[in-house]
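Engineer: what follows is a predicted structure for the sequence shown.
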Amino acid sequence: MSPLTTLALLALTGVCSCGASDCSYLELLTYLNLTTTNSALVNMRPVKNWMTPTLVQVDMLLFGILEVNEKTQTFTSHIWMSMLWTNEFLTWNKSDFCGIDKLMVPRSSQWIPDVAIEEDVSDSGTIQSVPVVSLSPEGSQVAFTRQRLTATCLLVVTLFPFDQQRCNFTFTFINSDEASIQLGSIHNETELSTASEQFMVTQGEWDLNKMEIFQYRNWTSGRPARLVYTVTISRRPLLYVVIFIVPLLLFVWLDVASFFISEARGEKLSFKVTVLLSISVLLLILKDMMPSTENRLPMIAIYCVGIFCLVGFSVLEAMLLSFLHDLDGYCKAQSPDNSQEEIQLDENFGKAEEAPDKGPAPLDQGRDLLKLILEEVRTARQEVAERCKEEMRPGRYRRLADMIDRVFFSLYLLTATVFLTYMYIVWLSHIY
């Protein structure tokens, strides 16, 4: 073999061995000085010029709506958060390392932006960070975090159960200012909303309507930037319509139908009281669901209280009618009879006339005067007796009760119709 051929083979062998070593991740880690612990990469913001701000892009995907607690004003969800930033010290030419375009490095060996959510009230154990960070040739790093997030949210339940809620998730920095770190998002809000709807695992009684992204920058105050994700959700009202609205509506119509129950049987009042107690049970259930911190009374509470008042007035009217019917029966049992007293009075007066006239003449005048007085008393007693008979005539209070019942039924039906129509118009106007 000629010397030239031998030299060519040795050169080819060297190139192959060099290429084989450059194709390993270890060679790339050695090139980036990541095989040993480098505290500078952990503690310092990865920029070559300290005046250069670092842009941290945060994306949030909503994987599940676990709970919306109206009483504690909290929103519990399952989120997936990704952060993207650039490390100017960790770059390479992928053509020099056999086209390696992605490298996974330990999270603990890298500088991680101190991004926090202001509304977060969940425990630290609910945060699960991916232990590695993705690194690309141009120095872009991506870190992923999964969290069962419990965040405070101002829940307005005025239109319950047809309400919509808007909850904010404010991403900001703890120890950085606007001059050093800036916030942004990787994808736009439309893409994130679509992705969240596709990957949503559980929603409970809520539907995700949309996600909006707002950026707030304070260039002059020196405060850290804020990136706000606003999540809009709407409640599925079917269950509450079935267990609250429809039963209360049926209770009203049952109470209207109870006006046709005969008062003589004594079942009308007990039926109305039963309906009133049933509405009270629904009010107790509603009390456990609604927050006591609400400034305005929810529409469902107004609906329940309005129906409760209608049925309550109906019960009072039934009690009045029952009293009038009992009073009419009492008057029927009482029949004034003064004939015996009148006969006794006539007999005594006749005996006084038949007595022998032994007295002087003035006694005759006194007897005539007494007779005249007795006649006047008899006339007055007859007038009083006639008046009492008129007042105690059977059926008078029954007719009064029937008249009150007809008038109250008309007013009750009109009031219930107007009230229910108003409530449904208000609900529908806010839904559509």
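Structural biologist: Perfect, thanks for sending it.
Engineer: look up how far Phe160 lies from Pro291.
Structural biologist: Per Cβ to Cβ, to the nearest Å, Pro291 is found 10 Å from Phe160. Backbone N, C-alpha and C define where each C-beta goes, glycine included.
Engineer: now list whatever residues contact both of those two.
Structural biologist: By Cβ atoms under 8 Å, 6 or more residues apart in numbering, Pro291 and Phe160 have these common neighbours: Glu70.
Engineer: between those two, which one's more packed in?
Structural biologist: The neighbour count for Pro291 versus Phe160, taken as other Cβ atoms under 10 Å, is higher for Phe160 (21 against 13).
Engineer: pLDDT score for the more buried one?
Structural biologist: pLDDT, Phe160: 86.
Engineer: repeat for Ala361
Structural biologist: 55.
Engineer: now do Val311
Structural biologist: With respect to pLDDT, Val311 scores 91.
Engineer: quick check: it is in a helix.
Structural biologist: Yes - Val311: assigned to a helix according to DSSP: H, G, I helix; E, B strand; the rest coil.
Engineer: check contacts around it.
Structural biologist: Contacts of Val311 (Cβ under 8 Å, 6+ apart): Phe251, Val252, Asp255, Lys272, Val275, Leu276, Ile279.
Engineer: from Val241, how far off is it?
Structural biologist: Val311 sits 20 Å away from Val241, going by Cβ to Cβ.
Engineer: any stretches of the stretch 301-432 of the chain with poor pLDDT?
Structural biologist: Residue ranges of the stretch 301-432 of the chain with pLDDT under 70: 328-367, 384-395, 431-432.
Engineer: what about the helices in it?
Structural biologist: 339-354, 361-391, 396-431 (DSSP state H, counting those that start in this stretch).
Engineer: from the opening residue of stretch 131-145 to its closing one, how far?
Structural biologist: Start-to-end span of stretch 131-145 (Cα to Cα, to the nearest Å) is 9 Å.
Engineer: pick out the residue nearest the middle of the chain.
Structural biologist: In the chain, the C-alpha nearest the mean C-alpha coordinate belongs to Val157, at 3.9 Å (Cα atoms, centre = their mean).
Engineer: for the residue found closest to it once you drop the neighbours it is linked to in the chain, what are phi and psi?
Structural biologist: With sequence-adjacent residues excluded and distances taken as Cβ to Cβ, 6 or more residues apart in numbering, Val157 is closest to Pro298, at 5.1 Å. Dihedral pair for Pro298: phi -60, psi 150, per degrees, to the nearest 10.
Engineer: tell me the contacts of Pro298?
Structural biologist: The contact partners of Pro298, by Cβ under 8 Å, 6+ apart, come to Val157, Thr158, Leu159, Phe160, Met290.
Engineer: out of those residues, which two are the most distant from each other?
Structural biologist: Based on Cβ to Cβ, the longest span within these runs between Leu159 and Met290 and measures 12.4 Å.
Engineer: where's Trp92 relative to Arg381, distance?
Structural biologist: 127 Å.
Engineer: helix, strand, or coil at Asn168?
Structural biologist: Per three-state DSSP, Asn168 ends up strand.
Engineer: Pro45 - that's part of a helix, no?
Structural biologist: Not quite, residue 45 is Arg, not Pro. No - counting by three-state DSSP, Arg45 is located in no helix; its state is coil.
Engineer: apart from its neighbours in sequence, what residue is nearest it?
Structural biologist: In this structure, Arg45 finds its nearest non-sequential neighbour in Thr54, 5.8 Å apart by Cβ to Cβ, 6+ apart.
Engineer: quick check, pLDDT for the one you found.
Structural biologist: Predicted confidence (pLDDT) for Thr54: 88.
Engineer: same question, Leu286
Structural biologist: So, for Leu286, pLDDT stands at 85.
Engineer: repeat that for Val231.
Structural biologist: pLDDT at Val231 comes out at 94.
Engineer: repeat for Pro106
Structural biologist: 90.
Engineer: so it sits against Pro131, correct?
Structural biologist: Yes - judged on Cβ atoms under 8 Å, Pro106 makes contact with Pro131 at a distance of 6.7 Å.
Engineer: name the single longest strand found in the chain.
Structural biologist: Counting by DSSP state E, the longest strand found in the chain is strand 54-69.
Engineer: quick one: list the elements packing against the very next helix or strand once past that one.
Structural biologist: Of the helices and strands lying after strand 54-69 in sequence (DSSP states H and E), the nearest is strand 74-86. Judged by 3 or more Cβ pairs under 8 Å, 6 or more residues apart in numbering; DSSP states H and E, strand 74-86 is in contact with strand 54-69, strand 140-152, strand 164-173.
Engineer: put the alpha carbons of strand 74-86 into PDB.
Structural biologist: The C-alpha coordinates for strand 74-86 follow below in PDB (Å, rounded to 0.1, in the frame of the first residue of the first chain):
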ATOM      1  CA  THR A  74     -62.700  30.300  45.000                       C
ATOM      2  CA  PHE A  75     -62.200  28.700  41.600                       C
ATOM      3  CA  THR A  76     -60.400  25.300  41.500                       C
ATOM      4  CA  SER A  77     -59.000  24.100  38.200                       C
ATOM      5  CA  HIS A  78     -56.300  21.900  36.600                       C
ATOM      6  CA  ILE A  79     -53.900  24.000  34.500                       C
ATOM      7  CA  TRP A  80     -50.800  23.300  32.400                       C
ATOM      8  CA  MET A  81     -48.300  26.100  32.300                       C
ATOM      9  CA  SER A  82     -45.400  26.500  29.900                       C
ATOM     10  CA  MET A  83     -42.700  29.200  30.200                       C
ATOM     11  CA  LEU A  84     -40.300  30.200  27.300                       C
ATOM     12  CA  TRP A  85     -37.200  32.400  27.600                       C
ATOM     13  CA  THR A  86     -33.800  32.700  26.000                       C
END
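Engineer: note down every partner strand of it and its orientation.
Structural biologist: Applying DSSP bridges to the sheet, strand 74-86 is found paired with strand 54-69 (antiparallel), strand 140-152 (antiparallel).
Engineer: for these, which one sits closest to Cys98?
Structural biologist: For those, the distance to Cys98 is smallest for strand 140-152, at 19.8 Å, taking Cβ to Cβ.
Engineer: next, the buried residues of that closest one.
Structural biologist: Of all the residues in strand 140-152, those buried under the rule 16 or more other Cβ atoms under 10 Å are Gln141, Val142, Ala143, Phe144, Thr145, Arg146, Gln147, Arg148, Leu149, Thr150, Ala151.
Engineer: check contacts around Val228.
Structural biologist: Contact partners of Val228, counting by Cβ under 8 Å, 6+ apart, are Asn168, Phe169, Thr170, Phe171, Ile213, Phe214, Gln215, Tyr216.
Engineer: try Met211
Structural biologist: Met60, Leu62, Glu189, Leu192, Ser193, Ser196, Tyr229, Thr230, Val231, Thr232.
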